[in-house]
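>>> Take a look and give me a structure for this.
(2 chains)
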Amino acid sequence: MRIVREFTKGFSTELAPFRLVLGLCPTLAVTTTAENGMGMGLATTFVLICANVLISLMRKIIPKKVRIACYIVVIATFVVAVELLMQAYFYPLYQRLGIFVPLIVVNCIILGRAEAFASKNTVLFSAVDGLGIGLGFTFSLTLLGGLRELLGVGSLFNVPLMGKSFEPFSFMIKAPGAFVTLGLLLFVMNYLTSLKRTRA
Amino acid sequence: MNEIAKMVLVTTIICAFAATLLGGLRNGLSDRIAQQEDFFVRGPIIEELFTGAPNDPLSDKIEFGYQDGSIGIYPWIEDGKIRRIALEQSGRGGYGGDITVMTALDLESNRIFGVRVTQHKETPGVGTRAMEPDYLSNYRKLLIKDDIKLKNDGGQIDAVSGATRSSSAIADGVSRAAIFVNANRESILKSIQEKQGSRGNRP
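Here you go, the predicted model:
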């Protein structure tokens, strides 16, 4: 089934931050806790689905020469919409993510999907593609944020897990911790892929 | 020619769609966003500035109509008297744009009671040094009649070195609050008393 494949590729071959190494700015910057990572991921997913659907709807009328400008306007519109909705309903999350919410506009995953997928496929497939890639991105950010929160603060989604004797590595929630964790996750991913390849 | 006309038309339609969507959303959500800002930004700051107030300055807040818009004013009411009020003003000229400052004024002594920054876009670690409570406490006890300025401009307040523009925007915000209260004192007091009276509290 093609529709299932379009959905699951966002978790496997096209898992954005770990496979394609795309969208690293928010991946590194906001994943200090699992909750922040998840919030950022879901905001991006929303923009991705809306932008994909709209661009796919208009793929036949957007002239080739101005397509990038059109995509950027569409994406920026939904990003500002997300920003307003977040301010209205999730203000504390908005305060924590700060400047990285407006910066979703320049997240290359979104423009990438618009150009590579939504502009060539039907609305249904584009929506599924956006959902898959977006949830894959959310999953990656939550995983990264979860690992950093667990080691750096000793909790997960603000629930303390490590017990009283645990001394948090404050290093993990600072910027270098993000690079180290991402590097280790990329190593694990590549190692798993190479294992699969040698077996096949 | 036809191609150019199509390009112009399509981009115009997309931009018009974007403008309508965002304009509608902004109008629809602005009340709710203001509420959230009250709760998460101004609320904690008022509680910090007005610790120990016998009334609840947040629920006693009035919207004071002024020119085109309105300004939220938070009163400290003790024994039926309005002793202190706090209000927000934007100070012009910060490094990253205007800085919104909450100034609390003591009406009995005519002096500044406390100052806190509510919104800013200054550089973390540089401009934000001018927003630390230790530095802002320099404003305490200044007479509201005085011209409130930095020492560089002939006033009373030292600037934080390396953050002169942030310091000066904060001083501007405080001075605007003082000027505003001096000019509208009677009508502000009247509005607060009216609100208290209409709720059945003795003002």
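
>>> report the longest strand in chain B, please.
strand B:81-94 (DSSP state E).

>>> could I have that one exported to CSV, CA atoms only?
Only the C-alpha atoms of strand B:81-94 are listed here, as CSV (Å, rounded to 0.1, in the frame of the first residue of the first chain):
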residue,chain,number,x,y,z
LYS,B,81,-7.2,53.6,50.5
ILE,B,82,-5.4,53.3,47.3
ARG,B,83,-1.8,53.4,48.5
ARG,B,84,0.1,52.2,45.5
ILE,B,85,-0.5,51.6,41.8
ALA,B,86,1.5,49.7,39.2
LEU,B,87,1.3,50.2,35.4
GLU,B,88,3.2,49.2,32.3
GLN,B,89,4.8,51.6,29.8
SER,B,90,7.2,51.0,26.9
GLY,B,91,10.6,52.6,27.1
ARG,B,92,11.9,53.6,23.8
GLY,B,93,15.4,53.0,22.5
GLY,B,94,16.5,49.6,23.7
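
>>> Past that strand, which element shows up next along the chain?
strand B:97-106 (DSSP states H and E).

>>> That next one close to chain A?
No. If you take C-beta under 8 Å from any C-beta of the partner chain as the test, strand B:97-106 misses chain A, and the best it gets is 13.3 Å. In this view, the C-beta of every residue, glycine as well, is placed from N, C-alpha and C.

>>> Relative to that strand, what are the paired strands and their orientations?
Here strand B:97-106 has these sheet partners by DSSP bridges: strand B:81-94 (antiparallel), strand B:111-119 (antiparallel).

>>> what about the residue nearest the centre of chain B, distance to chain A?
The centre of chain B sits closest to B:E88, judged by C-alpha atoms, centre = their mean, with a distance of 2.0 Å. Per C-beta to the nearest C-beta, to the nearest Å, B:E88 is found 17 Å from chain A.

>>> Just list what the helix or strand hosting B:I33 packs against, helices and strands only.
B:I33 is located in helix B:2-37, with elements delineated by DSSP H and E. Other elements packing on helix B:2-37 under the criterion 3 or more C-beta pairs under 8 Å, 6 or more residues apart in numbering or on different chains; DSSP states H and E are helix A:67-89.

>>> what residues does the helix it packs on touch?
A:43, A:46-47, A:50-51, A:54-55, A:58, A:62, A:93-94, A:97, A:101-102, A:104-105, A:110-111, A:114-115, A:119, B:10-11, B:14-15, B:17-18, B:21-22, B:25-26, B:29, B:32-33, B:36-37 (C-beta atoms under 8 Å, 6 or more residues apart in numbering or on different chains).

>>> In contact with the spatially most central residue of chain A, which residues?
By C-alpha atoms, centre = their mean, the mean C-alpha position of chain A lies nearest to A:F137, the distance being 3.1 Å. With contact set as C-beta under 8 Å, 6+ apart, A:F137 has these partners: A:G10, A:A16, A:P17, A:G23, A:G41, A:T44, A:T45, A:L48, A:I109.

>>> and what of A:K120?
Each residue near A:K120 by C-beta under 8 Å, 6+ apart is listed here: A:R59.

>>> my read is it is in a helix, agree?
No. Using DSSP: H, G, I helix; E, B strand; the rest coil, the assignment for A:K120 is coil, not a helix.

>>> How many neighbouring residues does A:V159 have?
8 (other C-beta atoms under 10 Å in any protein chain shown).

>>> Same question for the one 10 residues further on.
Counted with other C-beta under 10 Å, the neighbours of A:F169 add up to 15.

>>> Throw the strands paired with strand B:97-106 into TSV and include mean pLDDT, thanks.
Shown next, in TSV, are those (pLDDT from 0 to 100):
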stretch	mean pLDDT
strand B:81-94	90
strand B:111-119	91
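
>>> can I get the ones you listed in CSV with distance to A:Y71?
Shown next, in CSV, are the strands paired with strand B:97-106 (distance: least, C-beta to C-beta, whole Å):
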stretch, distance to A:Y71
strand B:81-94, 34
strand B:111-119, 32
